[in-house]
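Colleague: just need the structure, nothing else, for what follows:
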Amino acid sequence: MDSKVLNIGMIGLDTSHAPLFAEMLNDPAHPYHVPGARATVAFPGGSPDFPLSIDRVAGFTAKIEDDFGVRTVGSIKEVAEEADAILLLTVDGRIHAEQFAAVAPYGKPVFIDKPFAVNSGDARAMADLARKHRVPLMSCSSVRWAENLDAAVRAGDQGGIIGADCCGPMELQPTQPGFFWYGIHMADMLYRCMGPGCTEVRVTANEDHDLAVGVWADGRIGTIRGNRKGNRRFGALLHREQGTEYVDIYAQEKPYFASMLEEVIRMFRTKTPPLDIEETIEVIAFLEAANESRATGAPVRLRGSFASREK
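Modeller: As a prediction, the model looks like this:
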């Protein structure tokens, strides 16, 4: 494999992931240092109508400049020109499609932080643009890469997976509709367990909780439970033919975001994403359908799922 140290560009310094990833890349003393790449250039960005975006830009920008030596520039295109690969970390999923369109023509590998998009139309458009410009593209929640979740899914001693129930915190943000802000974490966990092929989603919701029930084309059922009351821990019940296992996402010392960053840097080097972008599109379609069902109370068929495309 090429031993060159990759120059990583960051777009969007409105998320804690920006200084977190800069530290793991640039500080060899970090306990989960990811070698072979350095964050070198960044565009701060920020969405004026989203307080959790614009109110954090200044602090995170100062941190990556002062603590990790990352240089900030005035445009997305400057990042794309200088970097070998791009972390598009912008916390506002509404503008990912616009920002990706600005960098895609450069043909460099791109990781887009969650949520990939807040509608399936934007998700499909980005995937099509990536193919047009031959851009290796990856997007997901870091929780998908929790080591013990991965180990539980890979284990086969109790037979095949027949279902999964995933849970976690689910705050709501007006600019990131319904399930998209934090439901993306549980949805990615669910798809890590079940794989693609969901055809229908139905949601039951109240002030404190949301429960989305997905039916897969082969008859399996998977759920995500989002809590605004009670504990804030991610977890999953993984159902197999001969038993059910609870997966504590926090049982391993290594944090899931470190495992994900390792996968991202490997993708930047090999130009081969570890996750099919079509599955990512289906995750967005799942959340989109969940939001529609949340509003109506009726089951909603997924548009653009693996199962529907095979018909």
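
Colleague: count of neighbours near Ile86?
Modeller: Neighbourhood size, Ile86 [other CB atoms under 10 Å]: 27. All C-beta spots, glycine's among them, are computed from the backbone N, C-alpha and C.

Colleague: cool, the one 4 residues further on as well?
Modeller: For Thr90, the tally of surrounding residues (other CB under 10 Å) stands at 28.

Colleague: and for Glu65?
Modeller: 16.

Colleague: so it touches Thr72, yeah?
Modeller: Yes. Counting by CB atoms under 8 Å, Glu65 does reach Thr72; the two are 6.2 Å apart.

Colleague: got the CA coordinates for stretch 220-231 in CSV?
Modeller: In CSV, the C-alpha atoms belonging to stretch 220-231 read as follows (Å, rounded to 0.1, in the frame of the first residue of the first chain):
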residue,chain,number,x,y,z
ARG,A,220,-37.8,-10.3,8.9
ILE,A,221,-38.7,-7.4,11.1
GLY,A,222,-36.3,-4.8,12.6
THR,A,223,-37.1,-1.9,14.8
ILE,A,224,-35.5,1.4,16.0
ARG,A,225,-36.6,3.0,19.3
GLY,A,226,-35.7,6.6,19.8
ASN,A,227,-35.9,7.9,23.4
ARG,A,228,-36.2,11.5,24.6
LYS,A,229,-36.8,10.3,28.1
GLY,A,230,-34.7,7.8,30.2
ASN,A,231,-31.2,6.6,29.3
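
Colleague: list the buried residues in that stretch.
Modeller: 220, 222-227 (16 or more other CB atoms under 10 Å).

Colleague: Serialize these to JSON lines and add fields for distance to Ala298 and secondary structure.
Modeller: Below are those laid out as JSON lines (distance: CB to CB, whole Å; DSSP: H, G, I helix; E, B strand; the rest coil):
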{"residue": "Arg220", "distance to Ala298": "21", "secondary structure": "coil"}
{"residue": "Gly222", "distance to Ala298": "19", "secondary structure": "strand"}
{"residue": "Thr223", "distance to Ala298": "17", "secondary structure": "strand"}
{"residue": "Ile224", "distance to Ala298": "18", "secondary structure": "strand"}
{"residue": "Arg225", "distance to Ala298": "20", "secondary structure": "strand"}
{"residue": "Gly226", "distance to Ala298": "19", "secondary structure": "strand"}
{"residue": "Asn227", "distance to Ala298": "23", "secondary structure": "strand"}
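
Colleague: closest one to Phe60 out of the residues you listed, please.
Modeller: Gly226 (26.1 Å; CB to CB).

Colleague: what's near enough to touch the residue nearest to that closest one when sequence neighbours are not counted?
Modeller: Nearest non-adjacent residue to Gly226, counting by CB to CB, 6 or more residues apart in numbering: Met170, 2.6 Å away. Met170 sits next to 179, 181-183, 186, 210, 226-228 when contact means CB atoms under 8 Å, 6 or more residues apart in numbering.

Colleague: centre of the chain to the helix of greatest length in the chain, how far?
Modeller: When the chain is scanned for its longest helix (criterion: DSSP state H), the result is helix 277-296. Centroid displacement of helix 277-296 relative to its chain, using CA atoms, centre = their mean, to the nearest Å, is 14 Å.

Colleague: low-confidence ranges in the protein?
Modeller: 1-2, 304-311 (pLDDT under 70).

Colleague: quick one: the strands in it, in order.
Modeller: 6-11, 37-43, 71-72, 85-88, 110-113, 137-140, 161-169, 198-205, 209-216, 221-227, 235-240, 243-248, 300-301 (DSSP state E).

Colleague: turn these into CSV, including distance to Met24.
Modeller: Output for the strands of the chain, formatted as CSV (distance: least, CB to CB, whole Å):
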stretch, distance to Met24
strand 6-11, 11
strand 37-43, 9
strand 71-72, 18
strand 85-88, 11
strand 110-113, 14
strand 137-140, 17
strand 161-169, 23
strand 198-205, 33
strand 209-216, 32
strand 221-227, 28
strand 235-240, 25
strand 243-248, 23
strand 300-301, 39
